[in-house]
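Enquirer: from the sequence below, what's the structure:
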Amino acid sequence: MSDRRRLLPLLNTTRHGSRDSMTCLYRCGNACDHPVPNQSDNPYLGDLVSAEMSRRGVVRAGALGALVLGFSGTAAGALAGSPAAAAPAAPAAAAPGRGPKAGPLTFSAVPPNTLDTVVVPNGYDHAVLIEWGDPVLPDAPALNIHRQTGATQSKQFGYNNDYVGVLPLPGRGDRALLVVNHEYTNEDLMFPGFTSQDALSVEQVKAAMAAHGMSVVEIERVGRTGQWRLVRSGRRQYNRRITALATRFQLTGPAAGSPFLRTAADPKGRTVIGTLNNCAGGMTPWGTVLSGEENFNQYFVGGDGASDADKARFARYGINTTARYPSGSRKWDRVDERFDLTKNPNEANRHGWIVELDPFDPEGRPRKHTALGRFKHEGANVIVTRHRDVVVYMGDDERFDYLYKFVSDKKFMPGNSWVARQHNLSLLESGTLYVAKLGFTSAGEIDGSGKLPSDGAFNGTGEWIKLAAGGRSYVEGMPVDEVLTFTRLAADKVGATKMDRPEDVEPSLATGKVYVALTNNTDRGKPGKAPADEANPRNENKHGQVLELVEAGGDNAAKTFTWSLPIVCGDPADESTYFAGFDKSKVSPISCPDNVAFDGAGNLWISTDGNALGSNDGLFATHIEGPERGHLKQFLTVPIGAETCGPFITADDRSVFVAVQHPGEISGASIDNPKSTWPNGDYAKPAVVVTWRLDGSAIGR
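Expert: Numbers count the residues shown, from 1 in each chain. Take a look at the predicted model:
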């Protein structure tokens, strides 16, 4: 630990829930200052018909099945042809109903703290892998905070890293591609002497735009350990920056070319410049990365001349057309008029999609898939059924918004041939989009306190309501391009269940069960707002919960499911918390679950964002099967003011990656007067950290 790192007091400058007001400003444009976008009055579904569940029929495909790092021969050799074809082989299917056996989580839990560093358990070590401003392209200059431009930042690692994915380079067990989202910028912590958005120079605005997006960086294992480092020499042919400034994206699917997506600069409605507010993501079995565009609304201004219908659509997505520069506005229209909705009323409709990036094709154009719907995507995670349907789970990260899934029309093609990969690259272009409607078994017993019902569980049944399929709308009065472009409005019409900020939604590749991080909702139960229900059982919910969803017949393409809440977060001493019935005196306190992941033993790992218990955010692990189910333990903590993003665990279980986002993001902080000096002792910089076990064995066990 650097001798310049120090224990800092946790400053209580929160404004909404548990987030600092500075994070509210920059991350989501002060969303809580504005009306909740969902003003619908959706009815709640009564008990649905029960469905018997099994674990059979899950193809163990996706990140954990495909990415076994560090073992030569696991990732297939490069496919024939160009570097674009050099992708991992498709994973083999696991035997039906046979997942990995859960090993004990033997690490000693890290206690809650307010240290300005990353804290890991005894027997582990960690290192910064890459940080804001590090060179990505070979000709990138070193970061000079006094001379930031769009051109320089377009070659450097972007700001506020969020999603982390690691894909092995074929035939190279010691090398991989790190793919990272860059969600948003904080100009207070980027530019010396910053006073306001208006005072930024044109080049500084362009630098901020370029600091958004994604990075692809080649990394290598350090010896035979679980540590990784950047590859700093050689061709580094895959290294790439995707930005909000200049990268061109292709629109695919039923809404591509729709009048809702056409602009004067793109009259065909098929090519979009830039990607905005990329939050979480996921990886596909065919070796691509999915990235979710989330709080895109804060980047747009104007729209005062829009029709009433368009104003209603803007409002449902949190776009304020009543003031030229609403609270939290970036004012990017000063540099690029596409962010002015008065001049370009459809430009906002071209953001809020799931992006697919092929990191093995450094010249390929990323795509925005309209078939997956448009909303504030936290991310997207994939599983393949025994019938080889590709199923994608997604959450809309807004108070009182919804849970979605997509099922492909075409079937996944196993193997690593060129034909198979080209086929699989088209799987997300057409399919069926659903939204979730939950039913409750103990609806009359929910009083908003978090008290367990008399049957001892928060649980129920549910169904997937079809919104669009095969280029056809299933929502009355809305054509298919309208359903997909204004998916929130379509989901309102069919009566989807309002949730407490559904963020990461991830299926277990061992069991097929699906886990949803419901981060919090301090508006739950307030006057005029939806009251507590069995899936969201606490009013003014500060701490969030984790939902477990089991699809009928063990088929992730099923139309019905059962659900339960294995974890209701908070201080274990609080009666409103629940940890799957495990002894609460033995579990770590947890608040505001954000992202989830699985290790090779099937254990659930949970990262947090906005800890409302007065300590730093962190990463936690728990069993989700067997007698240790609910025994939650904190694995690491991040520095003051930061949130824990990612996480990603390599399939050999020897390395865990987390993105440390917005360290030192505390009201009153600036790059000249930092509240955190992590990671280098000067001023705060977002960075990706890798943690490993000193004896080289599996993380956590």
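
Enquirer: report how many residues lie close to the residue lying closest to residue 604 once chain neighbours are set aside.
Expert: The shortest distance from residue 604 to any non-neighbouring residue, by CB to CB, 6 or more residues apart in numbering, is to residue 624 (4.8 Å). Where you see a C-beta, it was placed from the backbone N, CA and C, and this is true even at glycine. Counted by other CB atoms under 10 Å, the residues lying close to residue 624 total 22.

Enquirer: for the remainder of this discussion, apply numbering that starts at 425.
Expert: OK, 425 is where the count begins now, so the last one is residue 1048.

Enquirer: for residue 1048, which residues are in contact?
Expert: 932, 937, 939, 972, 990, 1004, 1026-1028 (CB atoms under 8 Å, 6 or more residues apart in numbering).

Enquirer: dump the residues you listed to TSV, plus secondary structure.
Expert: Below are the contacts of residue 1048 laid out as TSV (DSSP: H, G, I helix; E, B strand; the rest coil):
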residue	secondary structure
932	coil
937	coil
939	strand
972	strand
990	strand
1004	coil
1026	coil
1027	coil
1028	strand
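
Enquirer: thinking again about what came up before, could you pull up phi and psi at the residue nearest to residue 1028?
Expert: The phi/psi pair for residue 1048 (degrees, to the nearest 10) reads phi -120, psi 0.

Enquirer: so which strand or helix has the spatially closest residue to residue 902 that is not a sequence neighbour?
Expert: Of all residues not flanking residue 902 in the chain, residue 914 sits nearest, at 5.7 Å (CB to CB, 6+ apart). Per DSSP states H and E: residue 914 is located in helix 911-917.

Enquirer: need the contact partners of that helix.
Expert: With contacts defined as CB under 8 Å, 6+ apart, helix 911-917 is touched by 461-462, 464, 466, 737, 740-741, 797-799, 820, 825-826, 828, 857, 859, 889, 891-892, 897, 899-902, 906-907.

Enquirer: ChimeraX command to pick out the buried ones of the residues you listed?
Expert: For the buried members of those, the matching ChimeraX selection, counting by 16 or more other CB atoms under 10 Å, is:
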select :461,462,464,466,737,740,741,797,798,799,820,825,826,828,857,859,889,891,892,897,899,902,906,907
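
Enquirer: can you tell me the SS state at the residue sitting nearest the centre point of the chain?
Expert: The residue lying closest to the centre of the chain (CA atoms, centre = their mean) is residue 704, at 1.9 Å. State at residue 704, reduced to three classes by three-state DSSP: strand.

Enquirer: ok, of the contacts of residue 1048, which come out buried?
Expert: Using 16+ other CB under 10 Å as the threshold, 932, 937, 939, 972, 990, 1004, 1026-1028 are the buried ones among those.

Enquirer: quick one: low-confidence parts of this structure?
Expert: 425-443, 451, 454-458, 462, 464-526 (pLDDT under 70).

Enquirer: circling back: nearest residue to the residue nearest to the centre of the chain other than its sequence neighbours?
Expert: residue 803 (3.0 Å).

Enquirer: wait, residue 1075 touches residue 1024, no?
Expert: Yes: counting by CB atoms under 8 Å, residue 1024 is a contact partner of residue 1075 at 5.7 Å.

Enquirer: circling back: for the helix holding residue 914, C-alpha coordinates in CSV please.
Expert: Output of helix 911-917 as CSV, limited to C-alpha atoms (Å, rounded to 0.1, in the frame of the first residue of the first chain):
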residue,chain,number,x,y,z
THR,A,911,-40.6,-0.6,-25.3
ARG,A,912,-41.4,1.0,-21.9
LEU,A,913,-44.7,2.3,-23.3
ALA,A,914,-45.5,-1.2,-24.7
ALA,A,915,-44.7,-2.9,-21.4
ASP,A,916,-46.9,-0.3,-19.6
LYS,A,917,-49.9,-1.3,-21.8
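
Enquirer: now the element after that helix, going C-ward?
Expert: From helix 911-917, the next helix or strand downstream (DSSP H and E) is strand 923-924.

Enquirer: partners of that following strand in the sheet?
Expert: Sheet pairing here is set by DSSP bridges, and for strand 923-924 it gives strand 823-825 (antiparallel).

Enquirer: and the helix or strand that comes right after the partner strand, which residues are buried?
Expert: Moving toward the C-terminus from strand 823-825, the next helix or strand (DSSP H and E) is strand 827-835. Neighbour counts over strand 827-835 (16+ other CB under 10 Å) mark 827-834 as buried.

Enquirer: return strand 827-835 as PDB; C-alpha atoms alone will do.
Expert: Presented in PDB, the C-alpha positions along strand 827-835 are these (Å, rounded to 0.1, in the frame of the first residue of the first chain):
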ATOM      1  CA  LEU A 827     -37.700  -7.200 -16.300                       C
ATOM      2  CA  TYR A 828     -37.400  -8.500 -19.900                       C
ATOM      3  CA  LYS A 829     -36.200 -11.500 -21.900                       C
ATOM      4  CA  PHE A 830     -35.500 -12.200 -25.600                       C
ATOM      5  CA  VAL A 831     -35.700 -15.600 -27.300                       C
ATOM      6  CA  SER A 832     -34.000 -15.900 -30.700                       C
ATOM      7  CA  ASP A 833     -35.900 -17.100 -33.800                       C
ATOM      8  CA  LYS A 834     -32.900 -19.000 -35.100                       C
ATOM      9  CA  LYS A 835     -31.000 -21.800 -33.200                       C
END
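
Enquirer: could you give me the buried positions within the helix or strand just after it?
Expert: Reading on from strand 827-835 to the C-terminus, the next helix or strand found by DSSP H and E is helix 842-848. Across helix 842-848, burial judged by 16+ other CB under 10 Å covers 844-845, 847-848.

Enquirer: which one of the contacts of residue 1048 is nearest residue 684?
Expert: Distance ranking of the contacts of residue 1048 against residue 684, using CB to CB, places residue 939 first at 33.3 Å.

Enquirer: which residues are in contact with the closest one?
Expert: Contacts of residue 939 (CB under 8 Å, 6+ apart): 929-932, 970-973, 1020, 1028, 1048.

Enquirer: what bridges to it?
Expert: residue 930, residue 972.

Enquirer: residue 561 versus that one, what's the distance?
Expert: Distance, residue 939 to residue 561, by CB to CB, to the nearest Å: 37 Å.

Enquirer: if we can go back for a sec, switch the buried ones among the contacts of residue 1048 over to a markdown table; also include distance to residue 1064.
Expert: As requested, the buried ones among the contacts of residue 1048 are exported to a markdown table (distance: CB to CB, whole Å):
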| residue | distance to residue 1064 |
| --- | --- |
| 932 | 33 |
| 937 | 35 |
| 939 | 28 |
| 972 | 32 |
| 990 | 30 |
| 1004 | 31 |
| 1026 | 33 |
| 1027 | 28 |
| 1028 | 26 |
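
Enquirer: and of the residues you listed, the nearest to residue 625?
Expert: Using CB to CB, those come closest to residue 625 at residue 939, 44.8 Å.

Enquirer: for the stretch 775-924 of the chain, what spans make up the strands?
Expert: Using DSSP state E, counting those that start in this stretch, the strands of the stretch 775-924 of the chain run over 778-781, 791-793, 805-809, 813-819, 823-825, 827-835, 855-864, 883-893, 896-897, 923-924.

Enquirer: so which of those strands is the most packed in?
Expert: strand 923-924 (a mean of 28; mean count of other CB atoms under 10 Å).
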